[in-house]
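In: Pasting the sequence and the predicted model now:
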Amino acid sequence: MGLEMFEFSLIFNLTTIVNCTLMMLWYFHQKKIPLKSYIFFLRFNIYIFMAAATNTLAGILFKTGAVDEVGYNIIMAFYSFMISFILVVYTAFICEYMNMYDKDKLTIKYFLYFILLCTTSIEFTTPFNKIGYYFYEDGYTAGKLGALYFMLSVVLVVTASAVIILKRKNIPAFKAFILLSSIVFSVVMMMLQLKYSVSLLCFGFSIVCLSLYNYIFNPALYIDNLTNLFNKECMRGYFEYRFGRNKQFAIIMLAMDDFKYINKTYGVDTGDNLLRQVGHYLKSVDGIDVVFTYGSDKFVAVCNKKNIDDIKNLSEVILGRFRHPWYSESYSGIMMSTSICCFECPKDASNYSSLIESMDYAISMAKKTNKGGISIAHDMDLTKMRSEKEIEKAVRLAIDRDELLVYYQPIFSVEKNVYNSAEALVRLNDEKLGWISPEEFIPIAEKNGLIIALGDTVLRSVCKFIRDNRLSESSVEYIEVNMSPVQLQQPEYYKKVIEILEEYNVDPSQINIEITETANMVGSSDIINENIKKIVDYGITLSLDDYGSGYSNLDYINHMPFHIIKIDKFIIWDAFQNNKAGITLEYTIKMLNALQYMIVAEGVETKEQKEHLANIGCQYMQGWYYSKAVSGDEFMKVINKVA
Ligand code: C2E
Ligand code: MG
Ligand code: MG
C-alpha cells in the first residue's frame, strides 16, 4: 500500500523542520552580518519552521483523534496565517534587500499590512463560516472568498517580482536571478500543493532559504579573509540601510601610512598580522559599532557619536594606540602610523556613492596635508571634489552619447597669406552644467583616464571633418590635434592613431599632433618615446604646444622630433607688457628659426601684436585677432573668405 497524502505531508514537513533548524543553528553560530535584510532572513526561517510545525501538529492531532474537524480547522487557520505571513515577510525582505529606501518603501509597507489584515480576517473566520479555504483531512475546499484569498497571494508574488525587476540595477545580476527563481520555485510549489493537497509549500520555502543562504547571505561573501572584518560589499549594504533611515551617525576612517614599507621591512606575513591586530583593536574600542576593511590597508569604523567633539575624542583614543608599538610573533615593537579622517553623516555625505567619493578624496587629502593626524572631512573643501565629480559625469555622458563637439581655430600663414592650418579644440556643452571649459575638464579627464576615449573621439571627429570637407583641396594643409601625455603613455597607442587615420582615409601629412610640455614628459618613458617615434615614422608631424609656459627644457627641443613650436599665449602677451620679456621672445624666435622650426604664436589678439610678431620672424599666427575657435561649418566659411 502506498503512502497517504498525510504521510507525504508529514515527511515534507519534518524535512522542512530539520532544514530550518540547521539554518537557524548556522545563523546563530556565524558572525552576524550587519545587514537589515539578514534579520529578515532569520525571521523568514522562523516563520517557515513554525508553519511546518503547526501543519504537522494539526495532522497528528487530527489523525489521532485528539481534535475534531473544527479544532483541526482552527489549528490550520494558524498554519495559513503563517503562510501569508511568510509571503509578506518575503516581500518585505525583497524590498529591504533591493534598497527601496525611498517613499515607495513606506507605501509598500502599508500595502503589506493591508494584505496581511485581509488574509488574516479570512483565515481566522474560515473555521466558522468557511469563506476562505476549508480544510479537511486530506485536502481543501475553496469557500466563497477562496478566489480573493488566492488573489492576495498572487498580488504579493507579483509585487515581489516587480520590485526585483524594477530595482535590479541595485544588486548584481546573478543575485536578482536567484531571487526571481526563488519566487518562481515557490509558485510552482504552491501550485503542486493546491493540486495534490500535499504540504509542499513550507518545504519549498525552506529550499528557497537554503539557496538564499548560499548565494546571498553566505558570510564568506561579506567577510574579509585577511582581517576577518566585514568587507566592502557588506559595507555597501550596511550604509545603504543606514542612509535610508535618515539618522545621524559618524564614521572614523583610518588609512595606514606607508604600509608598503612595513610589508617590505618585516615581510608580508607580519604586515598581514599587523592589519589583523589593527582590525581587532578597532572592534574592541568602546563606542565603535562595526568595523569594515576598505582596500588593503584602510579601515572604516562606524560609531553612534553625534557630537563632533566626541568623534574627535574617540579618534584621539585610536591615534593614541598608534603611539605605542605593535607586536608580532617574529618582531617586537613595530611602530605604525595612521591617518584618520572623520565624517558626520548625513552632513558630509547623504548617500553611499557620495560617501565613497568623499572618503576617497578626503583620506587622500588627509594623507597629503595631515599625515599621521586627525582630519575632519567637514573642514576640507569637499565642494571642489563634488564639482570635479559632476564634470567627470558630464564628460562621461558626452562621450557615451557622442555629444562632444570639436571646434576649429584657424592658423594664419603670414608668408602665404592664407589659413594654412587649424587647431582642433574640444568643446563640451552639458545640459545641466552648460558650457565647460577644456581648461577645466581636460585635467579631470586626464586624472581618471577618460582622456583616452575623449582623445579618440576628437581625432575621429577631425579625420571625418578632413574627409567630408575635402580639406586637401583647400588652403588648409593639416589640422593640429592636442594629445595628452596620458594618451601617449598607453602602450602601442600609435596603433590606435594610425587605425583612425586609415579608417577615414586621411593622409598622415594632414594631421599634426600637439604635445604640451609638462612634468610628465620630461625624461619621458620608453612607452612615450616609442609612441612618438612610430607616429612620426608614419608621417604625422608634431608640435610642441605652449612653449615657454612650464617646464621649458632645451633637452626637449634638442631630442624630440618636433616640427612646429607653438609659443604660449602668456609669453606672447608678456612680451608686449614687459621689455625684458620682449627681448627674450625676440631671441627665442631667432633661435627657433635658426633651428628651422615652424613657429606659431598663440593668443594673437591685436593688429599690433600680429605686425610685431611677423617683423621678428614668426610666420604663423593663431588668435582671436583672426578668429576664435568655431564650429566646422563656420570654419569652412572663415577660410574661404580669405581664399
Ligand atoms: P591649447 O592647446 O594651448 O589651446 C589654445 C587655447 O588658447 C584654446 O583654449 C584657445 O581657445 C585659446 N586661445 C586661442 N587664441 C586665443 C586668444 O587670442 N586669446 C585668448 N584669450 N585665448 C586664445 P581652449 O579651447 O579653452 O583650450 C584650452 C586647453 O585645453 C588647450 O590649450 C589644450 O591644452 C586643451 N585642449 C583643448 N582641446 C583639447 C583636446 O581635444 N585634447 C586635449 N588633450 N586637450 C585639449
Ligand atoms: Mg594646443
Ligand atoms: Mg597652446
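Out: Now that the structure is in, tell me what you want to look at. Ligands and ions are numbered 1, 2, ... in the order given.
In: Tell me, please, where in the stretch 301-450 of the chain the pLDDT is lower than the cut-off.
Out: Of all residues in the stretch 301-450 of the chain, none has pLDDT under 70.
In: now the helices for it?
Out: Assigned by DSSP state H, counting those that start in this stretch, the helices in the stretch 301-450 of the chain fall at 308-321, 352-369, 382-400, 438-448, 450-468.
In: how deep is the residue of the stretch 251-400 of the chain found nearest ligand 3 tucked in, by neighbour count?
Out: Residue nearest to ligand 3 within the stretch 251-400 of the chain (C-beta to the ion): Val395, separated by 20.2 Å. Where C-beta positions appear, they are placed from N, C-alpha and C, glycine not excepted. By other C-beta atoms under 10 Å, 24 other residues sit near Val395.
In: Ser350 now?
Out: 11.
In: these two touch, right, it and Phe243?
Out: Yes: under the criterion of C-beta atoms under 8 Å, Ser350 is in contact with Phe243, at a separation of 6.5 Å.
In: pretty sure the residue of the stretch 251-400 of the chain closest to ligand 3 contacts Phe441?
Out: Yes: Val395 lies in contact with Phe441 (C-beta under 8 Å); the separation is 5.4 Å.
In: Overlap of the contact sets of the two?
Out: Taking C-beta atoms under 8 Å, 6 or more residues apart in numbering as the contact rule, Val395 and Phe441 both touch Leu428.
In: ok, the closest residue to ligand 2 within the stretch 51-200 of the chain to Lys175 distance?
Out: Using C-beta to the ion, the point where the stretch 51-200 of the chain gets nearest to ligand 2 is Lys169, with a distance of 39.8 Å. Lys169 is 12 Å from Lys175, where distance means C-beta to C-beta, to the nearest Å.
In: With Met483 instead?
Out: Met483 sits 42 Å away from Lys175, taking C-beta to C-beta as the criterion.
In: got it, and Val88?
Out: Counting by C-beta to C-beta - Val88 and Lys175 are separated by 22 Å.
In: what about those two, which has more around it?
Out: Val88 (21 against 18).
In: from what I can see that one touches Leu156, true?
Out: Yes: between Val88 and Leu156 there is a contact at 6.6 Å, judged by C-beta under 8 Å.
In: Identify the contacts common to those two.
Out: Counting by C-beta under 8 Å, 6+ apart, the residues touching both Val88 and Leu156 are Leu112, Ile115.
In: How many residues are close by the residue in the stretch 101-250 of the chain that ligand 1 sits nearest to?
Out: Nearest residue of the stretch 101-250 of the chain to ligand 1: Lys169, at 32.4 Å (C-beta to the nearest ligand atom). The number of residues packed near Lys169 is 10, by other C-beta under 10 Å.
In: got it, and the one 3 residues further on?
Out: Number of residues near Pro172 (other C-beta under 10 Å) recorded here: 11.
In: Tell me the spacing between it and Gly237.
Out: Applying C-beta to C-beta to Pro172 and Gly237 gives a distance of 12 Å.
In: With Lys447 instead?
Out: The gap separating Lys447 from Gly237 is 29 Å, by C-beta to C-beta.
In: So for the two, which sits in the more crowded spot?
Out: More crowded of Lys447 and Gly237, by other C-beta under 10 Å: Gly237, with 22 against 12.
In: Next, the angle helix 352-369 makes with the helix or strand containing that one.
Out: Counting by DSSP states H and E, the element that carries Gly237 is helix 232-244. Interaxial angle, helix 232-244 versus helix 352-369 (axes from the mean of the first three to the mean of the last three C-alpha atoms, to 10 degrees): 110 degrees.
In: and the following helix or strand past helix 232-244, what other elements does it pack with?
Out: Counting by DSSP H and E, the next helix or strand C-terminal to helix 232-244 is strand 249-256. Applying 3 or more C-beta pairs under 8 Å, 6 or more residues apart in numbering; DSSP states H and E, we find strand 249-256 packed against helix 268-284, strand 298-303, helix 308-321, strand 338-345, helix 352-369.
In: domains in this protein, as residue ranges please.
Out: 3-220, 232-380, 399-634 (automatic domain parsing).
In: This protein against ligand 3: which residues are in contact?
Out: Taking C-beta under 5 Å from the ion, the part of the chain that reaches ligand 3 is made up of Asp545, Asp546, Glu602.
In: Count the neighbours of the residue lying closest to Trp26 once chain neighbours are set aside for me.
Out: Excluding the flanking residues, the one nearest Trp26 by C-beta to C-beta, 6 or more residues apart in numbering is Tyr213, at 7.0 Å. With neighbours defined by other C-beta under 10 Å, the count for Tyr213 comes to 18.
In: Stretch 362-380 spans what distance, first to last residue?
Out: The first residue of stretch 362-380 is 7 Å away from its last residue (C-alpha to C-alpha, to the nearest Å).
In: low-confidence ranges in the stretch 501-643 of the chain?
Out: When residues are selected by pLDDT under 70, those of the stretch 501-643 of the chain lie in 518-524, 550-553, 642-643.
In: Which positions in it make contact with ligand 2?
Out: So the stretch 501-643 of the chain meets ligand 2 at Glu514, Asp545 (C-beta under 5 Å from the ion).
In: would you list every one of the helices in the stretch 501-643 of the chain?
Out: Under DSSP H, counting those that start in this stretch, the stretch 501-643 of the chain gives helices at 526-538, 554-559, 569-575, 579-594, 607-615, 632-642.
In: can you put the ones you listed in CSV and add mean neighbour count and distance to Asp297?
Out: Converted to CSV, the helices of the stretch 501-643 of the chain look like this (neighbours: other C-beta atoms under 10 Å; distance: least, C-beta to C-beta, whole Å):
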stretch, mean neighbour count, distance to Asp297
helix 526-538, 16, 29
helix 554-559, 12, 38
helix 569-575, 19, 42
helix 579-594, 15, 49
helix 607-615, 16, 55
helix 632-642, 15, 50
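In: what's the closest of those to ligand 1?
Out: Set against ligand 1 and scored by C-beta to the nearest ligand atom, the helices of the stretch 501-643 of the chain come closest in helix 569-575, at 5.7 Å.
In: elements contacting that closest one?
Out: By 3+ C-beta pairs under 8 Å, 6+ apart, helix 569-575 packs against helix 579-594.
In: if I look at whichever residue of the stretch 301-450 of the chain sits closest to ligand 3, how far off is Met636?
Out: In the stretch 301-450 of the chain, the residue that lies nearest ligand 3 is Glu423 (7.6 Å; C-beta to the ion). Noted for Glu423: a distance of 16 Å to Met636, by C-beta to C-beta.
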